[in-house]
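*Asks:* Got a sequence here, can you build the structure:
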Amino acid sequence: MPAQTKRKGRAAPLSTIALLAAVITVVGLGVAAKPTAQAKDAETCGTCHEEVVKGFSSRPHAALTGPTCTACHGSTEKHVDEGGKTGVFAFAASDLAGAKTQICLTCHEKDNPRFRNSPHGKASLDCTTCHSIHGEVAASPLLKTRENKDCARCHEDVFAQFQLNKRHRLQEGILTCTSCHNPHEPALRTRLGGFKQEECIRCHTDKGGPFLYEHQASRIEGCNICHEVHGSPNRHMLTEQNTADLCFSCHAEAPAWHGGFTSQGTNCVTCHSAIHGSNLDKKFLR
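*Replies:* The predicted structure follows:
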């Protein structure tokens, strides 16, 4: 009897494992038999839009846990019934920019809560102006072209400044437009005035202080009261070729004998060398 009990004790776990295996197999077959929302979209839309669906499968939006195509374009029933003429939101040029933006912000508003108040949002530009949602071009993050060129499509005047001899190194890839600008936020740093000049100081830390004697120009008007921040034909990307002319544009009440500096080799920073701020002299003398 003890031996028989021992044999029965060994048989029980094997039976349990077999039962579990059978359950897993049945459940697995049930899951496989039920197509996912992504698979339904791919099957329905891929009938006509095969290339789009195929390319979309390798793009970030393909990672959605729910529907893919219908998440943005809406139900396809009417679209299919009417032979593809209408029935879905197509993100067409005739669609209102606000309507297109709202669909994107359904998921992305947490990351871009102030887009509507940004210059792009106020100009009635929607997300598809810059972003290729299906990812036809292999650029990140889903931009239609490479980042700087995408900005240059509208901001040609700014992009031209980067061709000048004194400029930020955009062409070399040291920085991009979004290194300084956030295209999804309000333009709080348009002139980089007040404490907003800290956008420049993130890289130019030695110019940021704090100093005992601050140069008010940088603290109030901002860095680009003196500098062309994208590019300039002048040294140090200054707005004026002659340093004295630049200084006199604000300091018109300087002593009369300073006036000759505009035509001589001597300029203001020969004496006032600490022009960004000083801890020693309120007139920024050496």
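
*Asks:* got any ranges where this protein has weak pLDDT?
*Replies:* 1-35, 135-141, 144, 189-196, 259, 261-266 (pLDDT under 70).

*Asks:* So Ser218 is in contact with His204, correct?
*Replies:* No - using CB atoms under 8 Å, Ser218 is not in contact with His204; the gap is 10.5 Å. C-beta: built from backbone N, CA, C; applies to glycine.

*Asks:* These two: which is more packed in?
*Replies:* Counted by other CB atoms under 10 Å, Ser218 and His204 do not tie: Ser218 has more neighbours, with 26 against 12.

*Asks:* and the more buried one, what does it touch?
*Replies:* The contact partners of Ser218, taken as CB atoms under 8 Å, 6 or more residues apart in numbering, are 197, 207, 225-226, 276-277.

*Asks:* Could you measure from it over to Ser232?
*Replies:* According to CB to CB, to the nearest Å, Ser218 and Ser232 sit 17 Å apart.

*Asks:* Please point out which parts of stretch 76-95 sit buried.
*Replies:* Across stretch 76-95, burial judged by 16 or more other CB atoms under 10 Å covers 76, 79, 87-88, 91.

*Asks:* Hmm, I typed the wrong one, I wanted stretch 241-254.
*Replies:* Neighbour-count burial for stretch 241-254 [16+ other CB under 10 Å]: 243-244, 246-248.

*Asks:* Tell me the one among those residues nearest to Gln163.
*Replies:* Closest approach between the buried residues of stretch 241-254 and Gln163, by CB to CB: Leu246, at 22.5 Å.

*Asks:* which SS state does the closest one fall under?
*Replies:* Here Leu246 is recorded as helix under DSSP: H, G, I helix; E, B strand; the rest coil.

*Asks:* was I right about it contacting Arg235?
*Replies:* No - assessed by CB under 8 Å, Leu246 is found out of contact with Arg235, at 11.3 Å.

*Asks:* Between these two, which contacts overlap?
*Replies:* Joint contacts of Leu246 and Arg235 (CB under 8 Å, 6+ apart) do not exist.

*Asks:* Now the element after the helix or strand hosting Leu105, going C-ward?
*Replies:* Using DSSP states H and E, Leu105 sits within helix 97-108. Sequence-wise, the next helix or strand downstream of helix 97-108 (DSSP H and E) is helix 119-122.
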